[in-house]
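Student: Sequence and predicted structure below; questions after.
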Amino acid sequence: SAEELDARIRAAKETLGDRLVILGHFYQRDEVVRHADFVGDSFQLANAALTRPDAEAVVFCGVHFMAETADILSRPEQAVILPNLAAGCSMADMADIDTVEQCWAELEELYGTAPDASGKVPVIPVTYMNSSAALKGFCGDHGGIVCTSSNAETVLRWAFERAHRVLFFPDQHLGRNTAKAMGIGLESMPMWDPRKPLGGNDAQSLRDAKVLLWHGFCSVHKRFTVAQIEKARAEHPGVRVVVHPECPMPVVDAADEAGSTDYIRKAVEAAPAGTTFAIGTEINLVNRLAAEHPEHTIFCLDPVVCPCSTMYRIHPGYLAWVLEGLVEGRVENRITVDAEVAVGARVALERMLAARP
Ligand code: 13P
Ligand code: SF4
């Protein structure tokens, strides 16, 4: 039963003490989040992995790319554990290293590689945190950087200090929304089509590009629509509409604000009592905010419940299983990033951590 699982997790945690740290993303279900030592957005959790170098085991209640990041940033002796190995991210899977390398070769052919008189190179790769370690490694090896939804604009500014253009993957929406907020026109953000060779992509639009977008998207955030926002405004005059920047551009434009999961949490916490919020992000976070803030009215923009199905794969049963394994001296579901890939990926991640204002 749920109570039994809860008791088993508590008992194992107690036995492991400081040998263990549990990290939990905001989208995790409540039965998991309540056991986490740190709960945060993906940027905060990358930092949290660094704050407990003494812990032997980092149990990551989130998705695969987050656990990979924790492994890259943690000490080699620390074991990073993903309670269910099937907890991936469909967006991260939309950019694979072979296709990115093919794209890069074509861009190098088009733009060349030499810096101009100002020292800027033709193009720099920027990967969203929601990507495999191989792509972070690619960015590190090619002068590029990682971003999250909480620092995408800072990171793009960093990139434009060094390059004329950015190749941004995998999330087209975060790329487009961020570039637009920086004043870059839609005509300067073509989408690279990996199914076509360079000749099939319009070479002129690529030449004029400021940000080249990849075709990836989040299937959870893609569900939000402008019609839902219009309905919320009609039914709740004065409603504050806050969405995640993985939502499509028309949705971000129609909302009052867009920001990372931690931005959304802070917006709710800072609001005067009695505020009504319509939120466009994953349902576990929205429901938790609603439960924690009875002084506000908080609901999800999408009337049909929309959990992230892969985040949801971290069931408390798996958490109990990996913790009890640790108690018995077994390390289950360890995530280990290939050492060669990790070198470049760490470079790209450290550039991001340093770029934060
Ligand atoms: P945050 O960086 O805002 O936590 O987002 C991670 C994510 O996967 C959103 O879908
Ligand atoms: Fe990936 Fe979307 Fe789930 Fe975030 S909400 S982990 S981007 S599938």
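Tutor: Everything's here; your move. Since the structure is predicted, the reported quantities are computational estimates derived from the model, not experimental observations. Numbering: from 1, shown residues only. Ligands and ions are numbered 1, 2, ... in the order given.
Student: What are the contacting residues of the lowest-mean-pLDDT helix or strand in the chain?
Tutor: None of the helices or strands of the chain scores lower by mean pLDDT, DSSP states H and E than helix 203-208, at a mean of 82. Here helix 203-208 makes contact (C-beta atoms under 8 Å, 6 or more residues apart in numbering) with 107, 110-111, 187-188, 190, 192, 198, 212. No exception for glycine: its C-beta is placed from N, CA and C like everyone else's.
Student: Inside helices: which ones of those?
Tutor: 107, 110-111 (DSSP state H).
Student: quick one: which of those is nearest ligand 2?
Tutor: Here the nearest of the ones in helices among the contacts of helix 203-208 to ligand 2, counting by C-beta to the nearest ligand atom, is Leu107; it sits at 25.1 Å.
Student: what's the neighbour count on that closest one?
Tutor: Neighbour count for Leu107, taken as other C-beta atoms under 10 Å: 22.
Student: would you list every one of the strands in the stretch 201-350 of the chain?
Tutor: Here the stretch 201-350 of the chain has its strands, by DSSP state E, counting those that start in this stretch, at 211-213, 240-243, 257-258, 276-280, 297-300.
Student: For the least confident helix or strand of the chain, buried residues please.
Tutor: Leu206 (16 or more other C-beta atoms under 10 Å).
Student: to the chain's geometric centre, what's the distance from that helix?
Tutor: 29 Å (C-alpha atoms, centre = their mean, to the nearest Å).
Student: got the CA positions of that helix in CSV?
Tutor: In CSV, the C-alpha atoms belonging to helix 203-208 read as follows (Å, rounded to 0.1, in the frame of the first residue of the first chain):
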residue,chain,number,x,y,z
ALA,A,203,20.6,28.4,-48.0
GLN,A,204,19.7,32.1,-48.1
SER,A,205,17.5,31.9,-45.0
LEU,A,206,20.2,30.0,-43.3
ARG,A,207,22.8,32.6,-44.2
ASP,A,208,20.6,35.4,-42.9
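Student: and of the ones in helices among the contacts of helix 203-208, the nearest to Met129?
Tutor: Looking at those and their distance to Met129, the nearest is Leu107, at 22.2 Å (C-beta to C-beta).
Student: ok, now which ones touch the closest one?
Tutor: 122-123, 167, 206, 212.
Student: Contacts made by stretch 347-357 with the rest, please.
Tutor: Counting by C-beta under 8 Å, 6+ apart, 46-47, 69, 72-73, 127, 136-137, 139-141, 144-148, 151, 154-155, 158 sit against stretch 347-357.
Student: Just the ones of those residues in helices?
Tutor: Per DSSP H, the contacts of stretch 347-357 map to helices at 46-47, 69, 72-73, 136-137, 139-141, 154-155, 158.
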